[in-house]
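[1] Next come a sequence and a model predicted from it.
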Amino acid sequence: MDASSGIPIERTARPYLIGIVLALILTAIPFWLVYDGALPRETLLMVIATFAVVQIFVHLRFFLHIDFSTTPRENLIALAFAAVLICIMVGGSLWIMFDLYHRMMV
Amino acid sequence: MDLFGRLTIESLPFYSAIAASGAAVTVLGALAVVGAITYFGAWRMVLTEWVSSVDHKKIGIMYIMLALVMLVRGFVDAAMMRSQQAIAYNSEGYLPPGHFDQIFSSHGTIMIFFMAMPFLAGLANLIVPQQIGSRDVAFPFMNSISLWLTTAGAGLMLLSLVVGKFSTAGWTAYPPYSGVQFTPGVGVDYWLWMVFIAGFGSTMTGINFLVTIIKCRAPGMTMFRLPLFTWTIFVTSLLMIFAFPALTVACATLILDRNFDFHFFTNAMGGNMMNYINLFWLWGHPEVYILILPAFGVFSEVVAVFSQKRLFGYVSLVCATVAIGLLSFTVWLHHFFTMGSSARVNSFFGTMTTIISVPTGVKVFDWLLTMYRGRIIFKPPMLFTIGFLVTFVIGGLSGVLLALPPIDYMMHNTTFLVAHFHNMIIPGVLFGYLAGYMFWFPKAFGFKLNERWGTYAFWCWIIGFYVAFMPLYVLGLLGMPRRMEHYEIAAWQPHLIVAWVGAFIILLGMACLAVQLIVSIRERNEALDLTGDPWNGRSLEWATSSPAAPYNFAVLPQVEGRDAWWDMKARGVAYQRPDKYEDIIMPKNTYVGAVIGGAGFVFGFAMIWWMWWLAALALLVIFVAVVIRASDDDSDYVMPASEVKKIEDARFAELAKAPRNEMADDPGYAGDPVPEAT
Amino acid sequence: MTLEAMTVSPRDAEKYEEKEFGFWLYLMSDAVIFALLFATYLVMVGNTAGGPTGKELFSLERAAAETLVLLLSSTTFGFAAVALSAGDRSKVLMWLAITVLLGACFIFLEIGEFCGMIQEGAGPERSGFLSAFFTLVGTHGLHVSVGLLWICVMIGQVFFKGLTAPVASRLMRLGLFWHFLDIIWVVIFSVVYLPGVL
């Protein structure tokens, strides 16, 4: 974010190049492992989830340029709040719906 | 291609006298408005100064006008239900079941989406920018879109009386009943589209006010110097931004089910009906806090001003507000304890529900302690506040009872529940908004509302409330389910007759409000607010003139403490005239917001009636309007310093006519503002 | 003129910051919409009603192609942002156009997938699982389509108005939108396609 104009400035292509390389690697590995099918299902799911979370951070850092120094504090707080709420809402919903499924076959 | 989709002559309400009368009233009402504007030759003014306005104060007034009209409309539903239930013991009453079902559905939908939401948006719009020392909200144009999208939803609601029927699925529209297999026809589709469209308006309002409060405060106005009303709007905005997405998903998926043969909530083919309920209440619970928090904010402002004492426990009030906001996302299952969850799930949500009552309790004590050793002035806003403090607590107690799953198993869907939530909404939400309406009316229009009629209105409302709803608690304990069109249990009827009397008393209360408005307008020159500070107020909105100039503050205030205006008066720096004025940049009026709202209305109508060509056309209009606006780099104008000076000089001339504080006429008034001993 | 060299009044700078923050909040609300669509999908993934499952329908190759195309489009948009900061109008137009092409490829692939499934009798009306799939992936595709329209509008604005401050501010918000959609896609292939074929 540029202080004088309020409009973000991206001087070099470097973060995007790092980002795309990392993202491609973090995509190719889970795709390959699933295609290969050698690992057991639970392990594969864990791997997919972990790589997805890491890739999200890669996108946030290298494409959206979110960091603790230049990003305005309110944007970071909004992101953190959204993340917490999403965990509560999705986690709570899955808990409720799977609990209902076990009890009511719904 | 069928030009009219599923719209036919049979869609007109000639199948019943009641439906036809409802339609007639709606159509005549619309014609009366158009006729009145034409009669007074006011089209130019209405269009150029109101419809195209992006001024938050005007938008606020229009929101409140919408809310008051819909309050009357929603009350008619209530009166009809009370009358039906009072007579329908072993009898069909006068309302056939299908009609009764439409009425309870529209009553809830109107009161929540088109009365309470616009009312709070209106109060926030009118007051928050002034309270934080700002010239406008962060996004004046988006503000206009929000207003007109909400109005589009309300328009669809009113239209459902005239063309087609409304939903019979309640204000919550649970599947499978609300699915196309069990309720084909346009009713549920009306509900879905009006809620969906109005919901976008609300999300945008939330974004607008969150950015405004965080980014547009006057110098020195730190977050912990914000007035409590602004704090509550801040948390409310957060809730609006994060809760409405759940409603959007619930509505969108039900729309897909009903119109495009999807299977989200169907009985067969892999639907999951409980998912709707889960999604709906993920929104629905934060929604009730969206409604109540601004009312709490109003009470905080009113109790301090009319106790002539600083608000007690500012920090605890702020923390309680934030806590309520956060906790509101953790309790939603309590709306469906009885629908099959295990004890573990039920007890978690029951515990969280019990916990969420605590911060509200903190607030009640803070308000009481503000009144303690205050010098109370019993004007109508304060009457509503005291009425709230006594009555709301009863509803809170019934809420804590219902929070316990075993008790809820017996009370769920009885009139006990109906009594509980009306006990929260009427003394809580409505009294708060009415208090805000009477408190801030002079700021909006430059003259005060008649206090005698305001007092009558208060007594009718509070007595009417008790008479109408206490019997419903008893009936719930006697086992009466909600939404009953007729019944065969004799023991219930006396209570329902008493409830009907209560509804009649509330009708008197509504009439008093109407009379109050008429009398106040007629006698406005005797109740002029010449200083802008008719109540010896504490926060910055009282620093501006009444009504405020378009730019609110010619010179942005420098804030040095809480109760910023009180502080300025105490330090002797209130009403200072600067040596010279600056040019002020203001946003231009624009019709694009109203065009988007109008096209939204047409889009909703077209989707309901399956007129796909019209829906596509309406979307195109919205797209073009957005692109035109998004390419407009010239949306501001400069108000020259000379014009600012003219407005300010007129303001100070008025001030000179009324140097004394206008509250000084009141016998409870204790004298000129002095700083409190700390 | 480079972004740094532009003179922007303090009031306008404040306005651009406010717009960026407001748009970020909108993206957070959109994130909640997608999160709830994901939750709905996970609840309904087994509700195949005797119809086809993900294993029978999903193609890893197509998902990989869609991912590649979308990731590249994020990068090319980034290059447009760099050209914007440098004040190079023709490069901005070029990279935006390439981004549109890549985005259009994505939509083309996705429409192909949807049409293929519908023709096989595996449309959204077949089962709860398929309703959830089409809605989740389709909502993302709808957002991408709107984004493509927006990029086209911005190409027009850059062409006719040049790289002014308001245009730059709008481009950066578009960038936020475009990168956000890429993040949603990462979650889509991680929750829908990859587990779907296991």
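    Yep, that arrived.
[2] for residue B:487, phi and psi?
    Residue B:487 has phi and psi values of phi -150, psi 160 when expressed as degrees, to the nearest 10.
[3] Show me the contact partners of stretch B:164-171.
    B:7, B:11, B:13, B:19, B:98, B:101-102, B:104-109, B:112, B:157, B:160, B:173, B:177-178, B:183, B:185-188, B:190-191, B:483, B:608-609 (C-beta atoms under 8 Å, 6 or more residues apart in numbering or on different chains). All C-beta atoms are positioned from the backbone trio N, CA, C, and that covers glycine.
[4] I'd like to know which of those residues are part of helices.
    When DSSP state H is applied, these are split such that B:19, B:98, B:101-102, B:104-109, B:157, B:187-188, B:190-191, B:608-609 fall in helices.
[5] Which positions in the stretch 151-300 of chain B make contact with chain C?
    Residues of the stretch 151-300 of chain B lying near chain C by C-beta under 8 Å from any C-beta of the partner chain: B:203, B:206-208, B:210-211, B:214-216, B:241-242, B:244-246, B:248-249, B:252-253, B:256-257, B:260-264, B:266, B:268-272, B:275, B:279, B:282.
[6] Return a PyMOL selection command for the buried portion of those.
    This is the PyMOL syntax for the buried subset of these, where burial follows 16 or more other C-beta atoms under 10 Å in any protein chain shown:
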select buried, chain B and resi 203+206+207+208+210+211+214+215+216+241+242+244+245+246+248+249+252+253+256+257+262+263+264+266+269+270+271+272+275+279+282
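[7] Which ones among the residues of the stretch 151-300 of chain B next to chain C map onto helices?
    When these are checked against helices (DSSP H), the matches are B:203, B:206-208, B:210-211, B:214-215, B:241-242, B:244-246, B:248-249, B:252-253, B:256-257, B:260, B:275, B:279, B:282.
[8] hmm, the longest helix seen in chain A in reach of chain C?
    The longest helix of chain A (DSSP H) is helix A:73-104. Yes. Contact of helix A:73-104 with chain C (C-beta under 8 Å from any C-beta) involves A:74-75, A:78-79, A:81-82, A:85-86, A:89-90, A:93-94, A:97-98.
[9] Phi and psi next, for the residue lying closest to residue B:20 once chain neighbours are set aside.
    Leaving aside its sequence neighbours, residue B:20 sits nearest to residue B:13 (C-beta to C-beta, 6 or more residues apart in numbering or on different chains; 5.1 Å). Per-residue torsions, residue B:13: phi -80, psi 50 (degrees, to the nearest 10).
[10] Give me the distance between residue B:13 and chain A.
    38 Å (C-beta to the nearest C-beta, to the nearest Å).
[11] go on, residue B:23?
    Separation of residue B:23 from chain A (C-beta to the nearest C-beta): 40 Å.
[12] Thought residue B:13 was touching that residue, still the case?
    Yes. Assessed by C-beta atoms under 8 Å, residue B:23 is found in contact with residue B:13 at 4.4 Å.
[13] Tell me the residues that contact both of these two, please.
    Shared contacts of residue B:23 and residue B:13 (C-beta under 8 Å, 6+ apart): B:161, B:162.
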